[in-house]
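S.K.: Predicted model, plus sequence, below.
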Amino acid sequence: MADLGRAALVVSLGLSVYALVAGAVAARSNRRRLADSARNALLCSFGSTLVAALVLLAALWRHDFSFAYVAAHTNRTLPTAYALSAFWGGQEGSLLLWLLVLTGYGAVAVALNRRLLRDLTAWVVPVLGGIATFFAFVLVAVASPFDTQTAPLDGAGLTPSLQNPYMVAHPPMLYLGY
């Protein structure tokens, strides 16, 4: 499962880089088919980021302590809601959530406005692709939530200050607000 999550992030990085480069070339040279291709890359980047997020959520759900992230942020006695909220309990998961929200909003924005604001959307795609490239690069090269280890018997658990019903909803709502 960790390999699937890592592969999904690498694909997301590649698609984001393509959306950045192809989108910038298309916007400057007014090449419609290339702009459509860059837009599709941004849409697919959301899909691959969603796959990575689902892999991490499944690992949290199953208490798969072979994931270093899961072992560091959950334990077997943690209620399911808090175990799933550990998704954003650490830096790596928080970055993945941020990339998911960014690519999700970007996909919705370019999908809804592909016919209305073609000239503006041509410039939106490379900007969103550039930001997504940064976060995807950090997740692939610096802080991956899919690092593995020999599975311990139990994890370290979620920080006690995060074991609060308000903290389950607070970070996702904050990111969605951005």
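M.R.: Received, thanks.

S.K.: Buried ones in the helix or strand bottoming out on mean pLDDT in the chain, by neighbour count?
M.R.: Counting by mean pLDDT, DSSP states H and E, the weakest-scoring helix or strand in the chain turns out to be helix 165-177, with a mean of 71. Residues of helix 165-177 classed as buried by neighbour count (16 or more other CB atoms under 10 Å): 167, 171, 175. Using the backbone N, CA and C atoms, a C-beta is placed for each residue, glycine as well.

S.K.: tell me what it is packed against?
M.R.: helix 80-85, helix 91-112 (3 or more CB pairs under 8 Å, 6 or more residues apart in numbering; DSSP states H and E).

S.K.: Let's see the first one as PDB, backbone CA atoms only.
M.R.: Included here for helix 80-85 are C-alpha records, laid out as PDB according to Å, rounded to 0.1, in the frame of the first residue of the first chain:
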ATOM      1  CA  THR A  80     -11.600   5.800  15.000                       C
ATOM      2  CA  ALA A  81     -12.500   9.400  14.600                       C
ATOM      3  CA  TYR A  82      -9.200  10.500  16.200                       C
ATOM      4  CA  ALA A  83      -7.300   7.900  14.300                       C
ATOM      5  CA  LEU A  84      -8.600   9.300  11.100                       C
ATOM      6  CA  SER A  85      -8.000  12.900  12.200                       C
END
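
S.K.: List the buried residues of it.
M.R.: Using 16+ other CB under 10 Å as the test for burial, helix 80-85 gives 82-85.
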